[in-house]
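Peer 1: Okay, sequence plus prediction incoming.
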Amino acid sequence: MVDFLNTSLSGLQAAQRALATTSNNIANAATEGYSRQRVDFGTRPAQFTGGGFLGTGVQVNDVRRVYDAFLGEQVRSGTAGEARLEVFAELSGRVGDMLGSSSGGLSGGLQSFFGSLDSLANDPASTPVRQTLLGEADSLTRRIGALDTQLASMSSEVSGRIDGSVATINNLAQAIADTNDQISSAPGAANGNFSSDLLDQRDRLLQQLSSEIEVSVVPAAMGSVNVFVGNGQTLVLGNDTTTLSSGAGTFGPGVRDVTVGGTVVTGQLSGGKLGGLLDFQREVLDTTRNDLGRTAVALSESFNAQHSQGLDLAGNFGGDFFAVGGPSVFAASSNSGTGSVSASINSAAALTGDDYQLQFDGTDYALVNSSNGQSVALAGTGTAADPLRADGLSIVVNGAVAAGDRFAIQPTRQAAGSFTRLIDDPAQIAAAFPIRTAASLDNVSDAQVSGGEILDADNPDLLNPVTITFTDPTTFQVNGTGAFAYTPGGDIDLNGYRLQITGNPAAGDAFTVSPNTAGVGDNRNAQALSGLRDVGVLEGGQRSLLQQADTLLASVGSATAAAQTALESQTSLLRSSEAALQSVSGVNLEEEAANLIRFQQAYEANARVIQTANTTFQSLLAAFR
Amino acid sequence: MRISTQMLFQQGLNGMLDQQARSAKTLEQLATGQRINRVSDDPAAAARIQELDRAVSQQTTFLDNIGRTRQRLSTEEGSLESAGTVVRRVRELAVQAASDTTGSEGRRLIAVELRQRAEELVDIGNSQSGEGEFIFAGAQSETRPFVPGAGGIRYDGDSVRREQVIGPGTTMAEGDTGDDLFMRIRNGDGVVAAMSVTGNTGTGVIRADGSDSGVYDGTNFTIRFTDPENYEIRNAANTVVDTGAYEPGGVVSHNGTQLVITGAPAAGDEFAVTPARYESTFATISNLADALEQSANNDMARTSQRQAIDDALAQLDRNETRLLEVRASVGARLNTLDDVQESQESLRFSLETLVSDVRDLNYPEAISRLQQELFTLQASQQAFTRIQGNSLFRFL
């Protein structure tokens, strides 16, 4: 017998549950990660009476959260992308601001330095001008040093942030594993009923994790999820976690790595803050620092070479003007041999700005470019007399190297940090050309001699005085010996220099080449030094120092610009994914207000039915009174 | 589409925050007057600005060098003018000495002035610039170029002319060297020099005039008078290669040379013809003074004094020509500098305009942008409060 009192009581209870759920929704309207819940009503089983089936009321089938796992996945991947780009754009923007600053940037420093060389060319004998050049050289070395220091401190900042991010990831992974455990061990889990709040909590944790690193989330048994990073390295498997760690890698503290359970995954992690930090370090920070060092090496190499050709105020050859740091070599901790490797730079123009790994397979050496993984052809055998040579590097192997041994080589990473000026005395600046030529005042003809150009500044006889005397109009002697045929305008190569005589010399005409002693007013070497501004000294002679400064800024700038643009679109993408998820899961207060009214009315209606039942019952009682 | 309350709130808030960030940036631009305040504002344009900034600074260097070069050329021009005045005065003195009305005492007095003028010319040759450099010494700019020595004034400088960079790949000599100005002046007629051989007894005087350097083969030869009316020409091997009849003032041509003999040569008199050699201005003046100081009390002495004066006059003409040539070249260089400066300045201006276009702010655009941004912000704020104030709960 159907009791409509019971039926309406079930309606009353259902309305109560619905009101409770609505109030929970309203209460959590502002809770982050809360998914709205709704009550699923169902009819109670009907009872068969002779006349048919009679309904017995309503029951609450389920209180479930409204959630779309696919949209949740989109939000997570959007979060990972946005977090990566945000970190990347912020950090590379800082590098760009550093390089492009007019007071501390590379271009401005080079420009002032070359400007002071122009002043020297204007007034080569002036001590104040020479002093200014030394000051500008100092300020250039300081600028480059300061940029390097800033980049180095950014590098340690990034390392610190990587450590922090790794710690956060480990904590979140642990929390996700714990939540997995709670979800699967909660009552009802076996029936597929999971706590909405725990699910929400885990989704929140997964999203936080996504902002640290891109993860892939795979549902598993009993409501738990497995989380993978990189190329499928396990982070969370049910209730278990694998620890991510960062720190000194195979090549020691100089080359840091991130590992998962002992496997190096530095190059495989992507997305999130950690991905952004690693990408920034690899794509911007390390390359910028290498390129800054490369610029210092090229400046130092070309400037020293030209400066050594000239004569200073005392008539001595100018020595090295700048000093710069050499390559760093790190041996792998796994090396079994006792040998060591030392590297030096033999040509700045051939340097690439990349890092390398030298590998030994027992018989042969192989050099691999760490930036693109390609192997580089090596010349030489590795001895001091015949070093291994590739990409502007000379590599000497000392001692016994075992098969499988590896060495990381950073050619110019540390170069800029030890870029210094060597010349202290303004008089030691070599502004003058080493030799001067003249036609003798006793000459009969008007034949002229060119000023000469230096072919080999190291020729020991370069400064020996030479007299070229014509024995007849087509033959000349050098220092009274020999008989050389004369071609007007033809090259005459002597003692490391080349000159030309033009015109029609007569017998007895003499031309002298003498050391440019006391040539304090000569600016030819100063001009050659200043001309280095536009000489290609990098990238196989294709790129000048100033172009290098521009390229550095432009490459950092374009990386930043690309990240900024991508960040904008990623942000709007994320916002729309969030909106889509919110549109499914978010609480709408209007809706809840309407529900409140609806369920209140349902409650009232059921209560009225109970009253009716009561009245009916009273009527029945009254019949017997 | 279903909208969650939180999303509605967040969207409104995001809109306002974005607007605020945008107008803050515009405000910063207005405060600094620059569209790009740091590299990260517009990384692509920053690299371009850096390049343009440098180009502007390079132009400034060129303009500095142009100014410097002009100043030094002007200094040189002053010295050249003084030198020209001296050489002209010396020439006047030589003409005066050549006059028959000038007696031997007069010539001695002239010689005294000539020596003073020579010293004056040495001082001009040793001119120093404002920076204390000897402007005619070549590279050895701190070495006094013209110093008295055993054989007269010696040149201690060199032939290195300092070049200044006045434009991309363009250099200009900012001076000239003393050897060009005063030391490398050809004697004779510039091709050959002819002189009486010591021991001539006649009064014949020879000078070279208008020889053709293209024909002359550079060998020495001698004109020997067999008698006062006839001469023969002997080559370096002392072989007679030509003969002729003497005609006072007539031209003797041989081997591309043009030689004029005047006066009355005696039989056996010889005139030697050699390729022209360099003779310094100082030597010319000194030789002239030496000749004027000789007492000319016989025909022979008068003849040789006469020849010395003639030689000196020809030589002084070439000296003057040389100075004029150098002055003309200095003037031409100054003119070129003006042209180059003009083009460099206009280039710098256009570069500066370009930098300004890329970096500087367009104020009207920025102000109207700011206005629009503030208007939009206000609108979003109003919309936000309206929407947030509108809730079904208010009617419950």
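Peer 2: Thanks, I have it. Numbers count the residues shown, from 1 in each chain, chains lettered A, B, ... in the order given.
Peer 1: residue contacts, A:Gly417?
Peer 2: By CB atoms under 8 Å, 6 or more residues apart in numbering or on different chains, the residues touching A:Gly417 are A:Gly145, A:Asp148, A:Thr149, A:Ala152, A:Gly293, A:Gly325. In short, each C-beta sits where N, CA and C put it, glycine included.
Peer 1: what's it sitting at in phi/psi?
Peer 2: Dihedral pair for A:Gly417: phi -70, psi -30, per degrees, to the nearest 10.
Peer 1: Contact partners for the closest residue to A:Phe330 other than its chain neighbours?
Peer 2: Spatially, and ignoring its direct neighbours in sequence, A:Phe330 is nearest to A:Phe251 (3.9 Å; CB to CB, 6 or more residues apart in numbering or on different chains). Residues in contact with A:Phe251, defined by CB under 8 Å, 6+ apart, are A:Phe330, A:Ala331, A:Ala332, A:Ser333, A:Arg406, A:Phe407, A:Ala408.
Peer 1: Can you tell me which of those residues lies closest to chain B?
Peer 2: A:Ala408 (30.7 Å; CB to the nearest CB).
Peer 1: just to confirm, which helix or strand has whatever residue of the stretch 51-200 of chain B ends up closest to chain A in it?
Peer 2: At 2.6 Å from chain A, B:Ser141 is the closest residue in the stretch 51-200 of chain B, using CB to the nearest CB. For B:Ser141, there is no enclosing helix or strand under DSSP states H and E.
Peer 1: Let me see the contact set for it.
Peer 2: Going by CB under 8 Å, 6+ apart, B:Ser141 touches A:Ala125, A:Val520, A:Gly521, B:Glu133, B:Phe134, B:Ile135.
Peer 1: Please report phi then psi for the fifth one.
Peer 2: Pointing back at B:Phe134 there. Residue torsions, per degrees, to the nearest 10, at B:Phe134 are phi -70, psi 120.
Peer 1: Kindly report the same for A:Ala432.
Peer 2: Per degrees, to the nearest 10, the backbone of A:Ala432 is at phi -100, psi 150.
Peer 1: okay, it: pLDDT?
Peer 2: On pLDDT, A:Ala432 comes in at 94.
Peer 1: Can you give me the neighbour number for the nearest residue to it once chain neighbours are set aside?
Peer 2: Of all residues not flanking A:Ala432 in the chain, A:Asp522 sits nearest, at 3.8 Å (CB to CB, 6+ apart). For A:Asp522, the neighbour count with other CB atoms under 10 Å in any protein chain shown is 27.
Peer 1: As a markdown table, the contacts of A:Phe251 with secondary structure would be great.
Peer 2: Formatted as a markdown table, the contacts of A:Phe251 follow (DSSP: H, G, I helix; E, B strand; the rest coil):
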| residue | secondary structure |
| --- | --- |
| A:Phe330 | strand |
| A:Ala331 | strand |
| A:Ala332 | coil |
| A:Ser333 | coil |
| A:Arg406 | strand |
| A:Phe407 | strand |
| A:Ala408 | strand |
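Peer 1: before we move on, back to that, save the contacts of B:Ser141 as JSON lines, and put in neighbour count too.
Peer 2: Converted to JSON lines, the contacts of B:Ser141 look like this (neighbours: other CB atoms under 10 Å in any protein chain shown):
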{"residue": "A:Ala125", "neighbour count": "22"}
{"residue": "A:Val520", "neighbour count": "25"}
{"residue": "A:Gly521", "neighbour count": "27"}
{"residue": "B:Glu133", "neighbour count": "22"}
{"residue": "B:Phe134", "neighbour count": "22"}
{"residue": "B:Ile135", "neighbour count": "27"}
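Peer 1: Widest-spaced pair of those residues?
Peer 2: A:Val520 and B:Ile135 (13.6 Å; CB to CB).
Peer 1: Might you enumerate the residues of the stretch 201-350 of chain B proximal to chain A?
Peer 2: The stretch 201-350 of chain B comes close to chain A at residues B:Gly218, B:Pro275, B:Ala276, B:Arg277, B:Tyr278, B:Ser280, as judged by CB under 8 Å from any CB of the partner chain.
Peer 1: now, which of those sits nearest A:Phe53?
Peer 2: Checking those against A:Phe53 by CB to CB gives B:Tyr278 as the nearest, at 137.7 Å.
Peer 1: ok, now how distant is that closest one from B:Ala139?
Peer 2: Distance, B:Tyr278 to B:Ala139, by CB to CB, to the nearest Å: 20 Å.
Peer 1: quick one on the thing from earlier: compare the contacts of A:Gly417 and tell me which is most surrounded.
Peer 2: A:Gly293 (30 neighbours).
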